[in-house]
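Participant: Got a sequence here, can you model it:
(one chain, ligands or ions: 1)
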Amino acid sequence: MVRVLIPTALRQYTEGSKSEVDVRASTVSEALSSLLANNQKLARHILDEQGKLRNFVNIFLNDEDVRYLGGENTKVSDTDTLRIVPAIAGGLEIVEEEQQRQRGDDLALEDRPVKISAREYRRYGRHLIIPEVGLEGQRRLKSARVLVIGTGGLGSPSSLYLAAAGVGTIGLIDFDTIDETNLHRQILYTDKDVGRSKVQTAMQRLHEANPNTIIKTYEEPLSSENALEIFKGYDIIVDGTDNFPTRYLTNDACVKLGKPNVYASIFRFEGQTTVFDSKKGPCYRCLYPKPPPPGLVPSCAEGGVLGVLPGLVGLIQATETVKLILNKGEPLIGRLLVYDALGMTFEELKIRKNPNCPVCSKDPSSVKLIDYQQFCGIEKAPDIAVVGPKELNAEIENGRKVKLIDVREPHEYEIAHIEGSTLIPLGQLPDRVSELDTADELVMYCHTGARSARATDFLRGIGYKKVRNLEGGIDAWAVEVDTSMNRY
Ligand SMILES: [Zn+2]
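Facilitator: Numbers count the residues shown, from 1 in each chain. Coordinates of the predicted model:
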């Protein structure tokens, strides 16, 4: 279904005053016909006597005006969103403003041509009466362009508050879709959004929070090829990613372009945050010149994260971003703030610029972006023997004697496990290896396959030849073989 967003001014003409209507359509024109067939009162506000779109009504497909695509014949697909933007709701004004703001690209924040409208005076009233913000600060906020990398646990609260605070342009990069396991922390999304595109859903949510903010979306993985081109259009980069290749890439691109990188990372109950600005302090590589070996630091999917944790940490990022824009206060440059939710403590560690840093000690123009997957050793080890869930199930049904070893933690085993498996948590494996017979056919499994790949590697390294890894872990097993199993 294609989602059609109805502007406030026109909602009264839909059945039940809806803000959005889902329709089945393959082109913009079909979507409008379907919408108007069921909401006839709406038609005369959108179409003229000849049935053509009225010239003060614009239709946007995701973030693009359809006039610049294929007009009413533009193709639409199920994840798309159409937005009706009539001039009366201020829609045209914002398009013009965006063009005007883009023209101010190379200017300093304070010199960019932005206007604060009468309605914005009211909206930002509680900002305008703080001396540190005031009209000057609000203009700086509106002039600012902030790129948020990752619209997950950290990007949700940071982008939402940045939009609410009046940041003029926010870019969102993510290419994920919303999964049920995201909802306990990624507060931009609701239950009904599962399966939808993260950036598109985030864009809608931010637009609702503050229609004055221009949201740009990049639904693609950040890579050495596109990073500089995307970063160039922004003043500040907010790093809310969950993987090392993107962190190193973000750092190196920020150093090269001289842009501040508002950094945070989260794990279980702990968050770390700082501002890397290589012109004034250290960069990420001064702190961590090289990534840890693959698999040593578990991701949120593997290690878990307390749902409320990224809320606080993401808001520290938003706060630092606002301070940088206002040019007020003491930024976290050269200070790593470590937050422990269990102890409810904030510790501050001094971090220094490394005079031999492989990146920021060089002339920025000589900094080259590299292949970060390779740098982080993420390339899949080809020598690990793997077996897929369906394949393994067929083997078992055919009577092949297979010994299943579950390398997760006991509390995970309690949620779900494969019948007949033996629990040996990865950390205990070296001490309990004597329980395993080299003559047996072993299949190792964990939640999604990463920990068990290490277990497989380890066992092969000490002479177990008949050991395989269950690809995709118990989660894939629950999807492909036993759908009655609890997933987490
Ligand atoms: Zn450095």
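
Participant: Reduced to three states, what does Arg83 come out as?
Facilitator: What DSSP: H, G, I helix; E, B strand; the rest coil gives for Arg83 is strand.

Participant: right, and it touches Asp65 too?
Facilitator: No. At 9.8 Å, Arg83 does not count as touching Asp65 under the criterion of CB atoms under 8 Å. The C-beta positions use only the backbone N, C-alpha and C, and glycine is treated the same way.

Participant: pLDDT weak spots in the stretch 251-400 of the chain?
Facilitator: 294-302, 378-384 (pLDDT under 70).

Participant: Strands of that one, start to end?
Facilitator: With DSSP state E, counting those that start in this stretch as the criterion, the stretch 251-400 of the chain has strands at 261-267, 270-276, 335-340, 345-350, 386-387.

Participant: Partner strands of the first one, with direction?
Facilitator: Sheet neighbours of strand 261-267, with direction, are listed as strand 236-239 (parallel), strand 270-276 (antiparallel) (DSSP bridges).

Participant: would you turn the ones you listed into JSON lines with mean neighbour count and distance to Ser26?
Facilitator: As requested, the strands paired with strand 261-267 are exported to JSON lines (neighbours: other CB atoms under 10 Å; distance: least, CB to CB, whole Å):
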{"stretch": "strand 236-239", "mean neighbour count": "26", "distance to Ser26": "37"}
{"stretch": "strand 270-276", "mean neighbour count": "24", "distance to Ser26": "45"}
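
Participant: distance between stretch 412-425 and the chain's centre?
Facilitator: 31 Å (CA atoms, centre = their mean, to the nearest Å).

Participant: likewise stretch 418-434?
Facilitator: 34 Å.

Participant: list the buried ones in it?
Facilitator: 418, 421, 424-426, 429 (16 or more other CB atoms under 10 Å).

Participant: and what of stretch 253-267?
Facilitator: Going by 16+ other CB under 10 Å, stretch 253-267 has these buried residues: 253-257, 259-267.

Participant: now do stretch 126-136
Facilitator: Per 16+ other CB under 10 Å, stretch 126-136 contains these buried residues: 127-128, 133.

Participant: Residues of the stretch 351-488 of the chain that sit close to the ion?
Facilitator: The stretch 351-488 of the chain has residues 357, 360 near the ion, with proximity defined as CB under 5 Å from the ion.

Participant: what about the helices in the stretch 351-488 of the chain?
Facilitator: Assigned helices in the stretch 351-488 of the chain, in chain order: 372-375, 389-397, 410-415, 429-432, 450-461, 473-480 (criterion: DSSP state H, counting those that start in this stretch).

Participant: Now do the helix ranked longest in the chain and strand 261-267, the angle between them.
Facilitator: Of all the segments of type helix in the chain, defined by DSSP state H, the longest one is helix 309-326. With axes from the mean of the first three to the mean of the last three CA atoms, to 10 degrees as the basis, helix 309-326 and strand 261-267 are set at 170 degrees to each other.

Participant: Tell me how far the closest residue to Arg400 other than its chain neighbours lies from the ion.
Facilitator: The spatial neighbour of Arg400 that comes closest, neighbours along the chain excluded (CB to CB, 6 or more residues apart in numbering), is Glu441 at 7.1 Å. Glu441 is 49 Å from the ion, where distance means CB to the ion, to the nearest Å.

Participant: OK, contacts around Leu154?
Facilitator: 238, 240, 264, 266, 310, 313-314, 317 (CB atoms under 8 Å, 6 or more residues apart in numbering).

Participant: Please name the residues that touch the residue lying closest to it once chain neighbours are set aside.
Facilitator: In space, and not counting its chain neighbours, Leu154 is closest to Gly240: 3.3 Å by CB to CB, 6+ apart. Gly240 makes contact with 148-155, 158, 264, 314, 317 under the criterion CB under 8 Å, 6+ apart.

Participant: quick one on the thing from earlier: which one of the buried residues of stretch 126-136 sits closest to the ion?
Facilitator: Val133 (31.8 Å; CB to the ion).

Participant: Just the pLDDT for the closest residue to Ser421 other than its chain neighbours.
Facilitator: The shortest distance from Ser421 to any non-neighbouring residue, by CB to CB, 6+ apart, is to Leu404 (3.8 Å). With respect to pLDDT, Leu404 has a value of 96.

Participant: packing partners for whichever strand or helix holds Lys142?
Facilitator: Element membership for Lys142 (DSSP states H and E) is helix 134-143. Applying 3 or more CB pairs under 8 Å, 6 or more residues apart in numbering; DSSP states H and E, one finds that helix 134-143 contacts helix 125-128, helix 309-326.

Participant: Return the list of helices and strands in contact with the first one.
Facilitator: So that's helix 125-128. Using 3+ CB pairs under 8 Å, 6+ apart, helix 125-128 sits against helix 134-143.

Participant: what does the helix it packs on rub up against?
Facilitator: Contacts for helix 134-143 (CB under 8 Å, 6+ apart): 101, 104, 109-110, 112, 114, 116, 120, 124, 127-128, 130, 133, 165-168, 212, 322, 325-328.

Participant: hmm, 7 Å instead?
Facilitator: 109-110, 112, 114, 116, 124, 127-128, 165-168, 325-326 (CB atoms under 7 Å, 6 or more residues apart in numbering).

Participant: Give the buried residues for that helix.
Facilitator: For helix 134-143, by 16+ other CB under 10 Å, it's 137-143.

Participant: Equivalent analysis for stretch 151-169, please.
Facilitator: Buried residues in stretch 151-169 (16+ other CB under 10 Å): 151-163, 165-169.

Participant: where does the residue in the chain sticking out farthest from the centre land on pLDDT?
Facilitator: Ranked by distance from the centre of the chain (CA atoms, centre = their mean), the top residue is Ala439, with 45.4 Å. pLDDT, Ala439: 85.

Participant: Excluding sequence neighbours, find me the nearest residue to it.
Facilitator: That would be Lys466: by CB to CB, 6+ apart, it lies 7.6 Å from Ala439.

Participant: same deal with Tyr339?
Facilitator: Nearest to Tyr339 is Gly271, by CB to CB, 6+ apart, at 4.4 Å.

Participant: need the contact list for that neighbour.
Facilitator: Neighbours of Gly271 in contact, by CB under 7 Å, 6+ apart: 264, 309, 312-313, 339.

Participant: okay if I get these as CSV plus distance to Val194?
Facilitator: Listed next are the contacts of Gly271 as CSV, based on distance: CB to CB, whole Å:
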residue, distance to Val194
Ala264, 25
Leu309, 22
Leu312, 25
Val313, 24
Tyr339, 29
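
Participant: Understood, closing this out.
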